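Trainee: Below is the structure, and that's it, no one-letter string:
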């Protein structure tokens with residue numbers, strides 16, 4: 001039986017390496033489609049939770065995990081020898097930046113080395129981790145082709161960028177269109193067949209490089225536009241103009257304008273990182289991506305701008321940052337999720353701590369967090385906690401916060417998200 005036949009009849013055994021925010025939803029969706037799926041991760045705690053039918057990703061309910069585990073459609077392991085029994089393998093590992101802002105693809109490299117040990121005829125390998133254009137062809141293909149295996153004949157290799165938006169209740173793995181590009185046409189056909197079994201809409205492109213570039217364009221588009229509006233926010237503050245009113249008015253134009261909104265900085269696993277993958281690759285060819293780099297600099301400055309605004313607000317009360325009690329509302333990088341990766345709240349906390357502030361934080365979705373060398377306990381945003389703070393800073397606008405109480409009880413508020421829109425009070429200071 002060919003691999004295509006196995007996929008079409010749901011007899012293929014699927015594997016997912018990396019069971020985080022991307023890998024776990026994908027593995028569960030494949031399992032719900034009727035495949036036998038093996039999830040592989042080096043984190044023993046995650047594996048134990050999955051084996052007991054529990055989820056650690058908010059977008060994947062315990063009920064979904066429990067059902068596919070009980071049905072025998074999903075199993076989890078830390079043992080990479082399981083790869084020998086799999087027909088397809090999706091790589092969903094982290095791709096962070098080094099401190100020099102160079103791509104760190106060490107997790108991809110490690111996963112591919114494990115796959116190479118167990119590569120067998122007819123196997124399909126798909127990279128989903130965000131990376132620079134050329135990674136699949138230049139890094140993965142040489143490793144897997146190091147022997148008698150020929151791509152497009154003996155094994156199949158493709159790239160399909162992950163598109164995950166944590167906390168989005170409308171768009172999730174099944175109904176988010178999947179872009180797919182293979183090393184050869186045969187590779188693309190096999191990857192398309194796999195995704196069409198569990199995703200509503202699949203979009204083929206001509207190559208892995210195009211597919212890799214698609215992901216970077218999507219997030220660079222957001223980074224650049226957010227950088228523009230963040231710079232306008234800083235400029236408007238200097239000019240004494242309410243940037244939120246400007247954006248709302250501009251958004252009434254029915255063509256040629258798409259509203260983006262300022263904030264305390266970029267967070268999450270994509271937008272603060274992915275554009276630098278693109279600019280790094282461009283430099284290899286002597287091209288300086290000045291627009292992208294500038295947007296990154298503007299967005300990276302925003303936590304400093306917020307810190308300066310806090311200092312100004314305290315100064316109006318004849319107080320310094322040092323010794324002032326500052327309560328941070330919202331630690332996650334966006335509303336109503338528990339993901340704190342690259343959250344600007346962490347940068348703001350670090351900057352305020354350096355200035356000697358007495359810090360506390362509240363977030364209904366975050367159970368714990370750590371900023372090295374900083375004491376910032378998690379507290380409940382009770383009326384007393386709000387009254388005790390010299391300044392309350394809204395970094396993430398969670399819908400569960402009682403903002404009427406925040407406004408009523410707080411001495412001074414720095415609202416970085418315009419969460420208090422429609423509420424008028426003298427103690428509110430916008431970004």
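Mentor: Yes, it's here. Keep in mind the model is a prediction, meaning the values are calculated, not measured. Numbers count the residues shown, from 1 in each chain.
Trainee: what's the pLDDT at the nearest residue to residue 34 once chain neighbours are set aside?
Mentor: Nearest non-adjacent residue to residue 34, counting by Cβ to Cβ, 6 or more residues apart in numbering: residue 10, 4.5 Å away. From N, CA and C alone the C-beta is placed, and that goes for glycine too. pLDDT for residue 10: 96.
Trainee: in terms of contact, does residue 10 touch residue 32 like I think?
Mentor: No: using Cβ atoms under 8 Å as the test, residue 10 is too far from residue 32 to be in contact (11.5 Å).
Trainee: When those two are compared, which one has more neighbours?
Mentor: residue 32 (18 against 15; other Cβ atoms under 10 Å).
Trainee: sorry, back to before: any idea how far the residue nearest to residue 34 is from residue 155?
Mentor: 21 Å (Cβ to Cβ, to the nearest Å).
Trainee: Over to the residue at minimal distance from the centre of the chain: give its phi and psi.
Mentor: The residue lying closest to the centre of the chain (Cα atoms, centre = their mean) is residue 269, at 2.9 Å. Phi and psi for residue 269, reported as degrees, to the nearest 10, are phi -90, psi 0.
Trainee: I'd say it and residue 342 touch.
Mentor: Yes: counting by Cβ under 8 Å, residue 342 is a contact partner of residue 269 at 7.1 Å.
Trainee: what domains does the record give for this protein?
Mentor: Split into domains by automatic domain parsing, the chain comes to 3-208, 240-430.
Trainee: As TSV, the ones you listed with distance to residue 221 would be great.
Mentor: Output for these, formatted as TSV (distance: least, Cβ to Cβ, whole Å):
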stretch	distance to residue 221
domain 3-208	13
domain 240-430	9
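Trainee: For residue 233, find the nearest of these.
Mentor: domain 240-430 (3.6 Å; Cβ to Cβ).
Trainee: distance between the ends of the closest one?
Mentor: Using Cα to Cα, to the nearest Å, the end-to-end distance of domain 240-430 comes out at 11 Å.
Trainee: ditto for stretch 383-396
Mentor: Start and end residues of stretch 383-396 are separated by 19 Å (Cα to Cα).
Trainee: Could you check that stretch and say which residues are buried?
Mentor: Judged by neighbour count (16 or more other Cβ atoms under 10 Å), stretch 383-396 contains these buried residues: 385-386, 388-396.
Trainee: where along the stretch 151-300 of the chain do the helices fall?
Mentor: 185-196, 208-239, 243-250, 274-284, 290-316 (DSSP state H, counting those that start in this stretch).
Trainee: weakest of those by average pLDDT?
Mentor: Among the helices of the stretch 151-300 of the chain, helix 274-284 scores lowest, at a mean of 88.
Trainee: Pull out the buried positions in that helix.
Mentor: 274-282.
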